[in-house]
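Engineer: model this:
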Amino acid sequence: MKRPGPLFTLLAGLLVGVFMLSLNATTGTRNTASSSADSSADSSADTAKESPTATASPTPTRTAPPPSPSPTTTPVPDARYAGRTDDDSSAVALTLRDGRAIAYFCDGRAKESWLRGEVNDDGTMRLTGKDGSVLNGTLEEGNRIRGTVHIDGGRHPFTADRTKKPSGLYRATSTVRGTEVDGGWIVLPDGRQVGVLTRDGEPSRAPRLAPETGAVTVDGQQLTARPATP
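Structural biologist: Next comes the predicted model:
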């Protein structure tokens with residue numbers, strides 16, 4: 001029996017070489033694909049790190065402005081005022097209380113008028129009388145009232161200063177010997193008095209009263225005149 005010759009040995013070597021070549025080619029392809037996949041994954045991870053997901057900025061909340069403070073008003077003080085008209089022909093007195101006013105215009109002989117109304121927060125006032133008379137006035141810094149009385153077609157500007165007892169406005173109503181009497185008195189700051197006493201609708205000069213007590217004698221009968229209030 002003959003031994004395999006050199007040709008057989010060469011053929012076996014070629015087969016081994018072809019097999020090894022095929023094996024290296026397959027391994028190289030797998031390694032290349034794996035390397036490409038890893039590179040792609042790393043690239044995606046790096047991109048994700050470099051470009052974080054954008055978050056929406058919160059919408060700013062609008063805050064309503066605080067309400068404006070309500071304007072404060074100073075109430076008109078309760079007080080008495082008395083004075084004379086600019087032509088010195090008559091006297092005017094007013095009493096203010098709780099935002100209302102009563103006023104008396106008097107010439108000390110026959111002309112008189114009682115007026116009433118409200119006082120506005122700014123110190124202005126419009127007072128009216130049953131006889132159609134009107135007083136328009138303004139309180140100036142709480143110390144005086146400047147205004148005008150319209151009565152019987154006449155116009156009488158006046159100034160009435162703030163005053164204290166016994167100065168001020170007084171009134172007495174009663175029946176004396178069957179006669180209805182209605183008297184009004186203005187006591188000025190200097191002590192002078194101006195007043196009219198009406199008997200059954202007939203006006204005349206009023207008798208003098210005692211301001212400290214309000215006592216006054218009418219036709220022999222003593223009456224008490226009291227401070228007039230709104």
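Engineer: Gly99 touches Val119, doesn't it?
Structural biologist: Yes: with contacts counted by CB atoms under 8 Å, Gly99 reaches Val119, the gap being 5.5 Å. Glycine gets a C-beta too; all of them are placed from N, C-alpha and C.
Engineer: what do the two both touch?
Structural biologist: Val76 (CB atoms under 8 Å, 6 or more residues apart in numbering).
Engineer: these two: which is more packed in?
Structural biologist: Just comparing Gly99 and Val119: by other CB atoms under 10 Å the higher neighbour count belongs to Val119, 24 against 14.
Engineer: for the more buried one, list each beta-bridge partner.
Structural biologist: Taking DSSP bridges, one obtains Met125 as the residues bridged to Val119.
Engineer: tally up the residues packed near Pro157, please.
Structural biologist: Neighbours of Pro157 using other CB under 10 Å come to 12.
Engineer: residue contacts, it?
Structural biologist: Thr85, Asp86, Arg146, Gly147, Thr148.
Engineer: nearest to Phe158, of those residues?
Structural biologist: Lowest distance from Phe158 to the contacts of Pro157 (CB to CB) belongs to Thr85, with 4.6 Å.
Engineer: do you know how far that closest one is from Gly123?
Structural biologist: Using CB to CB, to the nearest Å, Thr85 is found at 20 Å from Gly123.
Engineer: and for Arg146?
Structural biologist: Applying CB to CB, the value for Arg146 to Gly123 is 10 Å.
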